[in-house]
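Asker: Structure, please.
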Amino acid sequence: MSPSNATVQDRKVHLVYRSKSGLIFIKFILDFGDERIIFDIEDGLFLDDDGSVTAAEHNADCQRFIRDYGLNGELQIWNASDGGLLSRKDAFIPLNCFIDLEACNAIIAAAQAEVERRRVGSSKSGCEAHPG
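Answerer: Residues are numbered from 1 along each chain as shown. Predicted coordinates:
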């Protein structure tokens, strides 16, 4: 993912990163005052589904991310050039909710099945299977 938008306000950098395909983007804030990443799972991850195989693959990736983050995942931002850790957010501790691992895995399996369905459909029509 690459940065597509950045604004600065009150010692905080509001960032939007977008995938190479342009179909998925993530919003977060770097709070330099508190040395934290601010990320809201409900308002920070977006996917445009254009019906492509790439969009279906992104959806499967997003579903895995949601599962892993809900299971106390820690967000990290790494420098793609040198492999250095730039920033991180402590493990996510959900409040007043229960993560149903079996249900999450079923959602991921359904998303992956949709990837395969689209691959088969696009190969039958002669379209490129992975345009992104």
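Asker: what packs against the helix or strand bottoming out on mean pLDDT in the chain?
Answerer: Per-element confidence for the chain was summarised using mean pLDDT, DSSP states H and E. The lowest value among helices and strands belongs to strand 85-89, with a mean of 80. When contacts are defined as 3 or more Cβ pairs under 8 Å, 6 or more residues apart in numbering; DSSP states H and E, strand 85-89 packs onto strand 36-38, strand 75-78. No exception for glycine: its C-beta is placed from N, CA and C like everyone else's.
Asker: Does the closest residue in space to D49 that isn't next to it in sequence lie in a helix or a strand, and which?
Answerer: Taking Cβ to Cβ, 6 or more residues apart in numbering as the measure, D49 lies nearest to A55, with 4.5 Å between them; neighbours along the chain are not counted. For A55, the host element (DSSP states H and E) is helix 53-70.
Asker: Where does the prediction get shaky in the protein?
Answerer: Across the chain, the stretches falling below the confidence threshold (pLDDT under 70) are 124-132.
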